[in-house]
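> 3D, please:
(chains A, B, C and D)
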Protein chains: 4
Amino acid sequence: MAKLNESDKTSSGFWVTKEAPIVADNPIATPTAAAPDILRCAYMELVVTDLAASRKFYVDVLGLYVTEEDDTAIYLRSTEEFIHHNLVLRKGPVAAVAAFSYRVRTPEDLDKAVAFYTELGCDVRRNENGFVKGIGDSVRVVDPLGFPYEFFYQTEHVERLAWRYDLHVPGELVRLDHFNQVTPDVPRAVRHYQDLGFRVTEDIQDNDGTVYAAWLRRKPTVHDTAATGGDGPRMHHVAFATHEKHNILAICDKLGSLRLSDHIERGPGRHGVSNAFYLYLRDPDGHRVEIYTQDYYTGDPDNPVVTWDVHDNQRRDWWGTPVVPSWYTEASLVLDLDGNPQPVVARTDASEMAVTIGADGFSYTREGDEEKGFKLGETL
Amino acid sequence: MAKLNESDKTSSGFWVTKEAPIVADNPIATPTAAAPDILRCAYMELVVTDLAASRKFYVDVLGLYVTEEDDTAIYLRSTEEFIHHNLVLRKGPVAAVAAFSYRVRTPEDLDKAVAFYTELGCDVRRNENGFVKGIGDSVRVVDPLGFPYEFFYQTEHVERLAWRYDLHVPGELVRLDHFNQVTPDVPRAVRHYQDLGFRVTEDIQDNDGTVYAAWLRRKPTVHDTAATGGDGPRMHHVAFATHEKHNILAICDKLGSLRLSDHIERGPGRHGVSNAFYLYLRDPDGHRVEIYTQDYYTGDPDNPVVTWDVHDNQRRDWWGTPVVPSWYTEASLVLDLDGNPQPVVARTDASEMAVTIGADGFSYTREGDEEKGFKLGETL
Amino acid sequence: MAKLNESDKTSSGFWVTKEAPIVADNPIATPTAAAPDILRCAYMELVVTDLAASRKFYVDVLGLYVTEEDDTAIYLRSTEEFIHHNLVLRKGPVAAVAAFSYRVRTPEDLDKAVAFYTELGCDVRRNENGFVKGIGDSVRVVDPLGFPYEFFYQTEHVERLAWRYDLHVPGELVRLDHFNQVTPDVPRAVRHYQDLGFRVTEDIQDNDGTVYAAWLRRKPTVHDTAATGGDGPRMHHVAFATHEKHNILAICDKLGSLRLSDHIERGPGRHGVSNAFYLYLRDPDGHRVEIYTQDYYTGDPDNPVVTWDVHDNQRRDWWGTPVVPSWYTEASLVLDLDGNPQPVVARTDASEMAVTIGADGFSYTREGDEEKGFKLGETL
Amino acid sequence: MAKLNESDKTSSGFWVTKEAPIVADNPIATPTAAAPDILRCAYMELVVTDLAASRKFYVDVLGLYVTEEDDTAIYLRSTEEFIHHNLVLRKGPVAAVAAFSYRVRTPEDLDKAVAFYTELGCDVRRNENGFVKGIGDSVRVVDPLGFPYEFFYQTEHVERLAWRYDLHVPGELVRLDHFNQVTPDVPRAVRHYQDLGFRVTEDIQDNDGTVYAAWLRRKPTVHDTAATGGDGPRMHHVAFATHEKHNILAICDKLGSLRLSDHIERGPGRHGVSNAFYLYLRDPDGHRVEIYTQDYYTGDPDNPVVTWDVHDNQRRDWWGTPVVPSWYTEASLVLDLDGNPQPVVARTDASEMAVTIGADGFSYTREGDEEKGFKLGETL
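Next up is the predicted model:
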């Protein structure tokens, strides 16, 4: 923001620029090998400690469709999906994320993935039969930021249930929308994911140039993944889309009826960033799931990049509703390729929670106002 | 609740009884004179300190329709209304409520109102020309609880704008729904309003028999007014209805766009009590306005009365979202018939905030759980 | 309309008057006995020829809740109902309506009903144990217009499922809203139902004074029943309410998925009359069911009566979508108290279909236009 | 369909295949020059005969935003757009389409466009300053099917109004979604547009191999354009997207209030093809505008292609509502690069209207049923 012009400020209170206004001080080297051509985030593999409890949450409560299941894993998909799954629940001893999996455009992109990450010195493994059911030839790596990434093209096609309204529930989840990753150094993560072909759509900064979070996309939505500043590598959330806002409200209503309302962590609300309507849930292991709808098209190469002031208290919730502290501090472990949790490195840059709602934090609703910490009326 | 049977507990976690389960220890005498036949809450007269600022809020932001206005007062109505107004904004030195106004069934009911309140020893005034524009013969009283109540039948008819979709905004307010009054002794208030012909639809209690709030209706919705325990007499809120939930979300979105999101105090959310979807706003003077939709029909004489445990944290928000403290503590002054603020008497019964989120408070999501104070994840 | 003043015409193209502008040339005598105090339409008893097929339609497709069932009858209720049922499906040889049942305010109103109809010379039968399960002391009559009417107060209370969002479907039906009766002489029917305590809220007329339909209410919605001009006595439809418009669209979507879309007869659309959003279905026996939402409050005694010009083609659908001919011509038989179909008497007044879309019919979108028959673009 | 396997039939009644199941008998030659890389449909230039009447329709009724305007042209955009416009209304003597304009990925793609169409022998013109305001270097051609196509990259950026909820109307149009072109030989058109880089997502066929319509996309929605069989070249419609279904209903409601409901030609309804919710309007010149929401993601290269049986009466409306005849027969003229209307060539293949609702037509709701012509209940 320090480098942004007042003339680039919009009537909505944020800035737009043509290029991602983020520079990494400590960049990961850009490989000479070409990056694989990623289509979209495709599925997450979650390790859960109680498969039955997780099944109840994702199938009975959220209504995801079971493509296949056995005693150790459940393969789930959203309504409009035609690939085998968008979520794998695998029983394991420690709740964690085993893979952030992306679909690539062609089988040949797997060779590119191998070359790209090998050059970066990463742990790279390829399995022609896939690491999970329903997926063929795949590459898994621990990326330079410590995240277990997967790339695949081959997959079993299953029936899109978009027209099966007889099966739909009031809170129908229609698509996997995005991942969100916690990482200590956001500019470093952004730079690396740009090398992998992602484009920045929005970010949060302050006047000193600290970057608190950035959103990155391949498919033309606001993101396929995001980098959230914090102790990492950890998984912040996985997000599914609904068609309409009332579908999200229906999930809250149903959780209330089942006396499971304590699974609701934050929201529902309207994001400033992305302009989407949102809800954050926590699954039985504490994995965070976002329900999300109605962001905007970002597919043009000159799509304006939106930058928010970290002190704008409408950036994370357009209605000014305070972010709950746990949302800033809690996240899921991620695993290496042997299934061991990755060590978590502390963030050294300023924390968004500290600068906005903590001891010295402040935020404003209207520029010029100075309002400290929690919103008026929120504290005893 | 102490007196309620477990067999009367529903699968949703509250109790139902056939009679209002509230007894006043210190009742106001029941007049021998018959009560006027009240149709519905009809309008509130609000004193505001900056008429232009209030006009901006109620007309430009909320979209209420101006029936008539001059330098000292603005008369506003909702979309489906055919009487002259549902809200009067009158310029004055101290923000307060000048009248909770109810429409009665016949002109003759005004005579009944005079007799009823005269017998109670109240200040009773009648104005054949009405106390405000658009309303004819009216009776105003300071009721035994200290509230300025009005009764009228005669009113100018104006056009219902229900079919004028060309004028409607995304957050269209279609009806005045109810009032809410803060009073120190809820059972005493309930007993008195039952004498006036109101019926209890829902209430909040604890095992010791303390009553924290009760909802009372004439028209067949959950309420025309409610008694909320607290220092009083004060006005807690006035509520307008929308048709759908997205209309309420649209109001929040618009407030964000206008950088007025700090007018949002609580919600949007789903009430436990009433099952309605809600939002609480604060107007430029701090008067609280609720936007409300989709409660249920209560018009049968044996309509089941719903009783909630004060420790059930889904009673006020079905999704378990904490009530913000200001919602419990802040309210508007009310005026006597000479325009002087009524003195506020402290509540001596337990406070709902104290027993649920304060130092010794607790609430539960599922019976058997014990969860203290604020919801997990909400505090630093 | 001939008698209506241009000054009473609204900006929306209809007229409003203070009194129902309908006079019967051939009125049924007004009993000296007082009418029972009707609360609301409460349930319809439908005779169906294939109970399993009807159960599939009302339970599996529409999602009504089964309170009780056996081999010969199924008792169904809507989400917010606390009385035993809103619909009885009874197996029988001929599809027909056995009862239009209304709830009255007190047990004593049954005595009034007996006296009222006895004075009118009707077949009157009383059953202390109720004619159907879940209902106590009841009176059934064949009313002077030939319809089987029932009145009751006693009923078993069942759990309101309003808070049971875990059970709700996307097209949730939350309340019984109204009945609609086909009768040859609308003014005669209106006059009689006014004697029974109903009030007119809207009607359709022409300049010659012919009345094509009228809407009548007890509870403060647009109607508990309506009189539709046509060969009768027949049952035009029974209507259930949803909370939002998308709930109605979801029913259409589900019918499509089940390849049952030919159960959709008309709509979805927006009514002119009532301003409600609507859909008409036909059940497996051809009984017509309306799904309806968002009409307006009518509970004030001086509620403005709305009169529509029969030639206004937005009267029945605000968007000008043509009414399908079957909607005008088809309806269900009604039974006498011995279970025999009532003979159908032909309408002699002009038919709404003939004057609007038939050979000589015409309608207009804007006054002054003259547009004949079907909407442009609708015919080959 | 003749060539489709029963095993490829889904539970929803259509077929899915991996490749577009359409072969052209009389193909246009595939150029050796590479096709330009099209991002998306970007804007349509419409010639209108009464600029003020068109402005009223598109701005006052539909709520599109005016980026710029003068005496001869109005430049309009949708809420989420950041390029200069999505629609140009230009005053002219004959209502017609002057350009279907697509945005390309890079400035260099314009050179490719020139080479591609030059090789095809088309009229090709390039204007470095753009043919309309707000657009830079552009190429316009009359394509081999007779349509005026434009390609551009350079454009002025304007503010995205997505966050400006204070400006939004109940029927907010958020994006340009697609074009639809009428052409006599659908397979020939499909083959040519595949050469231009489009991919088929859905089509309508019969057992004899006749193709009635096909949907083609660049951006990952169901289409950027579609080829509809009929006398052509003509423009069938241009479509804008809303966020939710109630936004579309609000447009109908508003048209009713303005007594402009005769601008509604077909719908609202649910498409079978695309699964989107839709409405068709006709502007003051008869140009058809679709309002559309909630189709599905199609961006994977192996996205399943959906084929519908022309006799499936849920293909065009999932609820079985008949298509109105004018929708099949009427369309807008298109212009050559000198502004002269292109001659219209008659379709020789079977017409969809004839085979489904005409003299010999039939369609079915459930396979095995045989239902002729119009839906039951629809005809006098």
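> All the helices of chain A, in order from the start?
Listed in chain order, the helices of chain A (DSSP state H) span A:51-55, A:109-119, A:186-195, A:245-257, A:325-329, A:352-356.
> Out of these, which is closest to residue D:259?
The closest of these to residue D:259 is helix A:245-257. By CB to CB, the value is 30.7 Å. Every residue, glycine included, has its C-beta placed from N, CA and C.
> what's the closest one packed up against?
Contacts defined by 3 or more CB pairs under 8 Å, 6 or more residues apart in numbering or on different chains; DSSP states H and E place helix A:245-257 against strand A:264-270, strand A:277-282, strand A:288-293, helix B:245-257, strand B:264-270.
> Mean pLDDT and mean neighbour count for the helices of chain A - can I get that in TSV?
Listed next are these as TSV, based on pLDDT from 0 to 100; neighbours: other CB atoms under 10 Å in any protein chain shown:
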stretch	mean pLDDT	mean neighbour count
helix A:51-55	98	17
helix A:109-119	98	20
helix A:186-195	97	23
helix A:245-257	98	25
helix A:325-329	95	19
helix A:352-356	90	20
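> which bits of chain A sit near chain D?
A:10-12, A:14, A:16, A:39-40, A:80, A:82-83, A:103, A:105-106, A:157, A:159-160, A:162-164, A:174-175, A:219-220, A:243-245, A:272, A:275, A:294, A:296-297, A:299-304, A:318 (CB under 8 Å from any CB of the partner chain).
> Drop anything exposed from the residues you listed.
Neighbour-count burial (16 or more other CB atoms under 10 Å in any protein chain shown) applied to the residues of chain A next to chain D gives A:12, A:14, A:16, A:39-40, A:80, A:82-83, A:103, A:157, A:159-160, A:162-164, A:174-175, A:219-220, A:243-245, A:272, A:275, A:294, A:296-297, A:299-300, A:303-304, A:318.
> Not counting its neighbours along the chain, what's nearest residue A:345?
residue A:184 (5.3 Å; CB to CB, 6 or more residues apart in numbering or on different chains).
> so how many other residues sit close to the one you found?
Residues lying near residue A:184 (other CB atoms under 10 Å in any protein chain shown) number 19.
> surely it meets residue A:351?
No: in this structure, residue A:184 is not within contact of residue A:351 by CB atoms under 8 Å, at 10.4 Å.
> residues in contact with residue A:246?
A:170, B:244, B:245, B:246, C:244, C:246 (CB atoms under 8 Å, 6 or more residues apart in numbering or on different chains).
> make it 10 Å
The contact partners of residue A:246, taken as CB atoms under 10 Å, 6 or more residues apart in numbering or on different chains, are A:170-171, A:253, A:277, A:293, B:244-246, B:249, B:277, C:170, C:243-244, C:246-247, D:244, D:246.
> Same question for residue A:51.
Per CB under 10 Å, 6+ apart, neighbours of residue A:51: A:69, A:70, A:71, A:72, A:73, A:74, A:89, A:90, A:91, A:92, A:284.
> between those, which has the most around it?
residue A:89 (28 neighbours).
> Against residue A:261, how distant is the residue in the stretch 201-350 of chain A that chain C sits nearest to?
The minimum distance from the stretch 201-350 of chain A to chain C, using CB to the nearest CB, falls at residue A:253 (3.8 Å). The gap separating residue A:253 from residue A:261 is 10 Å, by CB to CB, to the nearest Å.
> which stretches of the stretch 251-380 of chain A have low pLDDT?
For the stretch 251-380 of chain A, the stretches with pLDDT under 70 are A:359-360, A:370-380.
> which ones are touching the nearest residue to residue A:90 once chain neighbours are set aside?
Using CB to CB, 6+ apart and skipping residues adjacent in sequence, the residue nearest residue A:90 is residue A:73, 4.6 Å away. By CB under 10 Å, 6+ apart, the contact list for residue A:73 reads A:45, A:47, A:48, A:51, A:85, A:88, A:89, A:90, A:91, A:92, A:132, A:133.
> Mind pulling up the pLDDT for the last one?
In the predicted model, residue A:133 carries a pLDDT score of 98.
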